[in-house]
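> Build me a structure from this.
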Amino acid sequence: MAEQRKIRVAVVFGGRSPEHEISCVTAGGVISAIDTEQYDVVPIGIARDGSWVLYSADPGALAIVDGKLPEVDSSGPRLAVPFSGATDLIVLDGAAPRRLGGFDVVLPLLHGPLGEDGTIQGLFEMMDARYAGAGVFASAASMDKVFMKALFTGHGIPTGGYVAVPDRAWRGERKRVLDDIADLGGTVFVKPARGGSSVGISKVADAADSDAVTAAVEQARRHDPKVIVEAAVVGREIECGVLESVDGGAPDVSLPAEIHVADGFDFYDFDAKYLSTSSLTIPAELPEEVVAEIRREAARTFEALGCEGLARVDFFYGDDGRIYVNEINTLPGFTPSSAFPQMWAAAGIEYPALVDRMIQTALRRAPGLR
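Below is the predicted model of the structure:
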């Protein structure tokens with residue numbers, strides 16, 4: 001009797017966004033958790049220059065070592081990507097190209113622009129490849145904080161005040177933009193509109209301080225010409241995990257977690273997230289009715305944006321007693337120590353089972369338009 005073929009999983013990571021290194025760390029965690037008795041793993045790194053590279057399956061090559069973050073080494077065997085409705089990649093290594101062979105499903109573990117924003121999802125759909133996570137539109141809308149907030153408002157999802165700062169407005173109507181930001185009042189956070197992992201974010205104590213706001217906008221524009229300025233919500237930072245149902249029903253929602261930013265950090269920036277002793281309380285110590293409301297709004301946010309697979313919804317529980325949805329992440333941090341896996345571990349779904357669920361959910365979905 002012939003041995004049953006393993007399911008072939010392409011794990012794609014790295015990418016050209018400022019979150020390249022965090023994507024590599026995520027991939028290291030996921031690769032270490034995949035059951036190699038059931039799955040054949042094909043690690044594919046995307047270097048900063050955009051080249052695709054056949055990578056080592058050793059998770060240690062993608063770990064943080066002595067505080068140094070990993071990145072994709074572009075010197076490995078290069079890959080050519082077909083656009084003919086086939087997943088059979090071509091290895092450009094040696095005297096003649098060779099076929100890598102097809103794969104059954106893709107785990108796109110890319111954070112930020114050109115990976116989490118619908119671009120690579122569109123490529124996979126052109127290839128007729130099954131892939132984990134949200135589709136093209138949900139990925140794009142969830143990555144662009146301006147459109148995300150507009151969709152929140154349209155669906156009646158509570159969120160804080162904000163001002164969009166498109167490139168053209170900043171260059172041609174700066175005074176009006178600064179006046180709009182000043183109207184937010186108090187403390188504001190200035191962010192690249194299509195970024196993540198707190199890269200490029202600044203906190204400005206006074207929205208009316210035009211010099212400080214201008215400097216913060218210019219800092220954010222180094223990462224994205226489109227910027228969003230959000231009114232600060234005084235309160236507690238809460239996160240909640242969402243998973244696509246295994247039976248086609250309503251999504252599953254974790255218990256919420258509370259973020260405790262490490263001493264010495266003014267807010268939950270990149271270093272506080274990944275290189276500090278910031279911690280989580282799971283489940284968050286909140287009144288039962290607040291927990292129920294957070295979980296309800298997490299599911300509603302997931303469905304309002306048409307998400308699939310998984311997402312993390314970030315909240316503020318304001319000192320005014322209200323819940324505010326800050327944003328949704330269609331590919332949340334996914335290392336074993338990240339908030340999303342920890343929330344599901346507290347619910348009884350350990351990290352390897354969570355990775356397996358991502359793969360199985362994607363395998364059940366037909367390729368093409370979603």
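> Could you tell me how many residues sit around the nearest residue to residue 191 once chain neighbours are set aside?
Excluding its sequence neighbours, the residue lying closest to residue 191 (CB to CB, 6 or more residues apart in numbering) is residue 201, at 4.8 Å. For every residue, glycine as well, the C-beta is placed using N, CA and C. Applying other CB atoms under 10 Å, we find 21 residues neighbouring residue 201.
> so residue 201 sits right up against residue 188, yeah?
No: with contacts counted by CB atoms under 8 Å, residue 201 stays clear of residue 188, the gap being 10.9 Å.
> okay, and the common contacts of these two?
Counting by CB atoms under 8 Å, 6 or more residues apart in numbering, residue 201 and residue 188 have no common neighbour.
> List the contacts of the closest residue to residue 147 other than its chain neighbours.
Sequence neighbours aside, residue 141 is the residue nearest to residue 147 in space, at 5.0 Å (criterion: CB to CB, 6+ apart). Neighbour list for residue 141: 147, 148, 151, 305, 306 [criterion: CB under 8 Å, 6+ apart].
> Repeat the analysis, applying 7 Å as the threshold.
Neighbouring residues of residue 141 by CB atoms under 7 Å, 6 or more residues apart in numbering: 147, 148, 151, 305.
> So which of those residues wins on neighbours?
residue 148 (25 neighbours).
> my guess is it is in a helix, correct?
Yes: counting by DSSP: H, G, I helix; E, B strand; the rest coil, residue 148 is found in a helix.
> Can you show me the CA trace of stretch 227-235 as PDB?
Only the C-alpha atoms of stretch 227-235 are listed here, as PDB (Å, rounded to 0.1, in the frame of the first residue of the first chain):
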ATOM      1  CA  VAL A 227      -0.500  59.100   8.200                       C
ATOM      2  CA  ILE A 228      -3.200  58.800  10.800                       C
ATOM      3  CA  VAL A 229      -3.400  60.900  14.000                       C
ATOM      4  CA  GLU A 230      -5.500  59.400  16.800                       C
ATOM      5  CA  ALA A 231      -6.800  61.000  19.900                       C
ATOM      6  CA  ALA A 232      -5.400  59.200  23.000                       C
ATOM      7  CA  VAL A 233      -7.900  57.200  25.100                       C
ATOM      8  CA  VAL A 234      -7.100  57.300  28.800                       C
ATOM      9  CA  GLY A 235      -7.600  53.800  30.100                       C
END
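> Just the mean pLDDT for it, thanks.
Averaging pLDDT along stretch 227-235 yields 96.
> same check, this time on stretch 65-74
84.
> how about that stretch: buried residues?
70, 72, 74 (16 or more other CB atoms under 10 Å).
> With stretch 47-65 instead?
For stretch 47-65, by 16+ other CB under 10 Å, it's 47, 51, 52, 53, 54, 55, 57, 59, 61, 62, 63, 64.
> Was I right to think the fifth one contacts residue 77?
Yes: Residue 54 sits in contact with residue 77 when judged by CB atoms under 7 Å, with a separation of 4.4 Å.
> hey, what's in contact with both of the two?
Residues touching both residue 54 and residue 77 (CB under 7 Å, 6+ apart): residue 91.
> returning to that earlier point: what's the closest of the buried residues of stretch 65-74 to residue 241?
Distances from residue 241 to the buried residues of stretch 65-74, taken as CB to CB, are shortest for residue 70 (24.9 Å).
> In space, what's closest to that closest one - neighbours in sequence excluded?
Nearest non-adjacent residue to residue 70 (CB to CB, 6+ apart): residue 24, at 4.3 Å.
> residue contacts, that neighbour?
13, 14, 62, 70, 71, 72.
> any idea which element it lies in?
Using DSSP states H and E, residue 24 falls within helix 20-33.
> next helix or strand past that helix?
strand 39-46.
> Quickly run through the sheet partners of that next one, with directions.
With DSSP bridges as the test, strand 39-46 is paired with strand 7-14 (parallel), strand 52-54 (antiparallel).
> what mean pLDDT would you report for stretch 204-212?
97.
> Also stretch 291-301?
98.
> Please save the CA atoms from that stretch in CSV.
C-alpha atoms of stretch 291-301 as CSV (Å, rounded to 0.1, in the frame of the first residue of the first chain):
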residue,chain,number,x,y,z
VAL,A,291,-15.6,41.1,29.1
ALA,A,292,-18.9,40.1,27.4
GLU,A,293,-19.0,43.4,25.5
ILE,A,294,-15.3,43.2,24.4
ARG,A,295,-15.8,39.6,23.1
ARG,A,296,-19.0,40.7,21.3
GLU,A,297,-17.3,43.7,19.7
ALA,A,298,-14.3,41.5,18.7
ALA,A,299,-16.5,39.1,16.8
ARG,A,300,-18.5,42.0,15.3
THR,A,301,-15.3,43.7,14.1
